[in-house]
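Trainee: Predicted structure and sequence below. I'll ask about it afterward.
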Amino acid sequence: MVILGIESSCDETAVAIVRDGRELVSNVVASSMDQHVIYGGVVPEIAARSHIEVIIPTVDEALRQADMTWDDIDGIAVTYGAGLGGSLLIGVVTARTLALTFGKPLYPVNHVEAHVYANFLTVSDVPAVSARSEQPAFPMLAIIVSGGHSQLALFQDHGTYELLGQTQDDAIGEAFDKVAKILGLPYPGGPSIAKAAQEGDAYAYSLPKAKMSGEYDFSFSGLKTAVLRLAQQLIGEDFTFPSFKLAERLTEKQKVDIAASFQRIAIETIVGKALLAYERYAPASVVIAGGVAASQELRRQLLESLPSPIEFPDFKLCTDNGAMVATRACFPLKTADPFSLDINPNLSM
């Protein structure tokens, strides 16, 4: 079974071809990130316009790299939610049109669930992308961490899972972006914070961890506010001092120490809840998924804390990509009517 997957939920226009849910045949990503950096975040209108410009060339390039034609493709998978409405619409309309034009079945894929499936690739024909040595076993604990999501899910099988916990406010990636903005670090915040943290003392400042009623739920809004108050205090100002003026008053030493301290607490929050879930449910495997899965500090803490060995996905398969979408559709999934499939920006697991 050969599936072409299309992902366009945010600022990456991504297309990949996957065979039998394990072999990555081609993987193409066209990102508009450089257009958003100057704004400190993704601008939906710019992202949608970029998708329109590059989606067909990206599909063509994925087929070219795979040395395939549409006769070799058994189905088309597309992210229909969650994400930015305009961005999702470009991907879904393209997938619907291609399905009708070439007579292929159309598979609607949940973006968050798809991230987990990057871990099922065990063969890579793409030189720049590595694959795992084996597919994860069920029951499987999935740690899903990105700019829009922070969730723990227990998978009993493909399509059968229980959402154990999730963020009740900011996702961890969103918190990284906001703290980076406070410190005057470039977008996206995750890599910027990680780079600054290498020069800082992770125990320089004491920052709080949220106490939640849900055993496996997260909260990062309070931690973000604690960083804001700490920065205001360090420069001798009260809570009324505007956050966008803090960076110019903070010393470089203060910035890197705040970055390191924040990163430690944010990741300890994720790892601590993951360990609780692991001890209770004793899964056969643990996987990590989403953009924040690329964090070296998160990987380090997980390896140190969880007794189960973890095989991490390639860094290029952590951020949004078509491979995860195509892989999800290789396992049991209902098809959609290409005449009526619609987007669902608020889709949840």
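Mentor: Perfect, I can see it now.
Trainee: By mean pLDDT, which helix or strand of this structure comes out lowest?
Mentor: Ranked by mean pLDDT, DSSP states H and E, the weakest helix or strand in the chain is helix 33-36, scoring a mean of 65.
Trainee: can you give me the end-to-end distance of stretch 281-300?
Mentor: 22 Å (Cα to Cα, to the nearest Å).
Trainee: Buried residues, that stretch. List them.
Mentor: 283, 285-295, 297-298 (16 or more other Cβ atoms under 10 Å). Glycine gets a C-beta too; all of them are placed from N, C-alpha and C.
Trainee: again with stretch 266-279
Mentor: 266-271, 273-274, 277-278.
Trainee: Now the element after the least confident helix or strand of the chain, going C-ward?
Mentor: helix 44-66 (DSSP states H and E).
Trainee: Mind giving me the packing neighbours of that following helix?
Mentor: Packing partners of helix 44-66 (3 or more Cβ pairs under 8 Å, 6 or more residues apart in numbering; DSSP states H and E): strand 2-7, strand 12-19, strand 23-31, helix 33-36, helix 85-102.
Trainee: quick one, the first one and strand 12-19 angle?
Mentor: For strand 2-7 against strand 12-19, the angle between stretch directions is 170 degrees (axes from the mean of the first three to the mean of the last three Cα atoms, to 10 degrees).
Trainee: Export strand 2-7 to CSV, keeping only CA atoms.
Mentor: What follows is strand 2-7, C-alpha atoms only, in CSV (Å, rounded to 0.1, in the frame of the first residue of the first chain):
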residue,chain,number,x,y,z
VAL,A,2,1.5,3.3,-1.1
ILE,A,3,0.1,6.5,0.3
LEU,A,4,0.8,10.1,-0.6
GLY,A,5,0.3,12.3,2.5
ILE,A,6,-0.3,16.1,2.5
GLU,A,7,0.2,18.2,5.6
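Trainee: Hey, what's the angle from that strand to helix 85-102? Just curious.
Mentor: Calculated by the same axes, to 10 degrees, strand 2-7 forms an angle of 150 degrees with helix 85-102.
Trainee: And the buried residues of stretch 281-300, which is the shakiest by pLDDT?
Mentor: pLDDT is lowest at residue 291 among the buried residues of stretch 281-300; the value there is 90.
Trainee: residue contacts, it?
Mentor: Residues near residue 291 by Cβ atoms under 8 Å, 6 or more residues apart in numbering: 145-147, 173, 190, 318-320.
Trainee: What is the nearest of those residues to residue 114?
Mentor: residue 320 (9.1 Å; Cβ to Cβ).
Trainee: ok, so what distance separates the closest one from residue 147?
Mentor: Separation of residue 320 from residue 147 (Cβ to Cβ, to the nearest Å): 10 Å.
Trainee: again, but for residue 341
Mentor: 25 Å.
Trainee: more neighbours, those two?
Mentor: Comparing residue 341 with residue 147 by neighbour count (other Cβ atoms under 10 Å), the higher total belongs to residue 147, at 24 against 19.
Trainee: how about the more buried one, secondary structure?
Mentor: Assigned with DSSP: H, G, I helix; E, B strand; the rest coil, residue 147 falls in the coil class.
Trainee: Quick check, it in contact with residue 173.
Mentor: Yes. Using Cβ atoms under 8 Å, residue 147 makes contact with residue 173 at a distance of 3.4 Å.
Trainee: which residues are in contact with both of those two?
Mentor: Between them, residue 147 and residue 173 share the contacting residues 188, 291-292, judged by Cβ under 8 Å, 6+ apart.
Trainee: and the top helix by length along the chain, what other elements does it pack with?
Mentor: Looking across the chain with DSSP state H, the single longest helix is helix 252-281. Secondary-structure packing of helix 252-281 (3+ Cβ pairs under 8 Å, 6+ apart): strand 140-145, strand 150-157, strand 160-166, helix 172-182, helix 189-197, helix 221-234, helix 296-305.
Trainee: about what we covered before: most neighbours among the contacts of residue 291, which one?
Mentor: Within the contacts of residue 291, neighbour counts (other Cβ under 10 Å) peak at residue 145, which reaches 29 neighbours.
Trainee: For beta bridges, what are the partners of residue 16?
Mentor: Beta-bridge pairing of residue 16 under DSSP bridges involves residue 5, residue 27.
Trainee: from what I can see it touches residue 328, true?
Mentor: No. Taking Cβ under 8 Å as the definition, residue 16 is not a contact partner of residue 328, at 11.4 Å.
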